[in-house]
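**Q** Next comes the sequence, and after it the predicted model I'd like to discuss.
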Amino acid sequence: MAVDFPKVEASEAIKEVVVGQGEKGFTLGGESAYAFHTFEGRIPHPPKIAMEIWDKAPSEWAESLNQIYAGVYSDPVAWAKKCLEFGADAIVLTLASTDPNAENASVAQAVETVTKVARAIEIPLIVWGVDNEAKDGETLRAVAEAVQFRQLFLGPVVEKNYKPVGAGAIGFKHKVIANSPIDINLAKQLNILLGNLGVPDSSMLMDPTVGALGYGLEYAYSVMERARMAALTQGDGKLQFPMFCMVGKEVWKTKEAKAGREGDPTWGDGSKRGVIMESITAITLLLAGADLVVLRHPESVKQVRKYITEMMK
């Protein structure tokens, strides 16, 4: 006997946002169905994978990551090119050295680093701050002005610095990533503020903030799921943006991902454990509606890309 499965008919679609320029650029969004539900609607653009690099050598990354990147930690350009070898669709350059609570590098230093990386790679470049509203506002605004020879994405843009960063993006033709703390109403409010400022819908991604496997993943999933439901079936235009998720940052700070076998032999191989946690977290968030996930380990990139390919079939 034939079985008719119920289908969700979306009345709306996610806005399309072009990331990068030229042959190496790509488009996110455009879907009129839930993640990978190709039987219910259009999913014209598959999710993409970015890889994260820093402007300085990280001191607390897991040993499994150090073994891969130690030789390029001191050179962000070399680090970015290594990520190209691993198949990154985009690079997220975190300006970790600018943290006022640590090294507090100058804005000029940050601009110099971003300029070098921007000139060295052709794939899309996302410039990421240190979650300090004042310093990020100053730094990202200066980066926007200095790097006018190509288009960047700037983030995290939050309610306390959306005006200087948003104005810089508008004035110098860059795009932004709106970041809110795992709350659908705050996410919508920030999107409204940026829109009122003049940031076009085609120049914005939404970062709902996420948690790693075992560290708030379920809550992050529920917020993203509700946002996508509101966007597709309730016609909420202020939530119809592609979603961006900093997966690696959240996963690799957990003790389970960082600890080696010596911490607890029953946990098994530490390097494999971290990859499994990163891959599961990324895949779960893709199912919740993520359009661009940011990873650190090349094996995670391989696993997640395989999943995307299979699901898009």
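**A** Arrived safely. Numbering: from 1, shown residues only.
**Q** who's in contact with the helix or strand bottoming out on mean pLDDT in the chain?
**A** When the helices and strands of the chain are compared on mean pLDDT, DSSP states H and E, helix 255-258 comes out lowest with a mean of 90. Helix 255-258 has contacts (CB atoms under 8 Å, 6 or more residues apart in numbering) with 60-62, 212, 214, 251-252, 263, 267, 270, 273-274, 277-278. For every residue, glycine as well, the C-beta is placed using N, CA and C.
**Q** Now secondary structure and pLDDT too, for those residues, in TSV please.
**A** Converted to TSV, the contacts of helix 255-258 look like this (DSSP: H, G, I helix; E, B strand; the rest coil; pLDDT from 0 to 100):
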residue	secondary structure	pLDDT
Glu60	coil	91
Trp61	coil	95
Ala62	coil	93
Ala212	strand	98
Gly214	coil	95
Val251	helix	97
Trp252	coil	96
Gly263	coil	62
Trp267	helix	79
Gly270	helix	76
Arg273	helix	93
Gly274	helix	94
Met277	helix	96
Glu278	helix	98
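**Q** which among these gets closest to Glu103?
**A** Glu103 has its nearest neighbour among those in Glu60, at 13.8 Å by CB to CB.
**Q** Tell me who's in contact with the closest one.
**A** Contact partners of Glu60, counting by CB under 8 Å, 6+ apart, are Lys253, Lys258.
**Q** Point out where the stretch 151-300 of the chain drops to low pLDDT.
**A** Applying pLDDT under 70 to the stretch 151-300 of the chain flags residues 261-263.
**Q** can you give me the helices for it?
**A** Along the stretch 151-300 of the chain, counting by DSSP state H, counting those that start in this stretch, helices occupy 162-171, 184-197, 217-233, 247-251, 255-258, 270-288, 298-312.
**Q** just those: most buried one?
**A** Burial of the helices of the stretch 151-300 of the chain is given as mean neighbour count (mean count of other CB atoms under 10 Å); helix 247-251 ranks first at a mean of 26.
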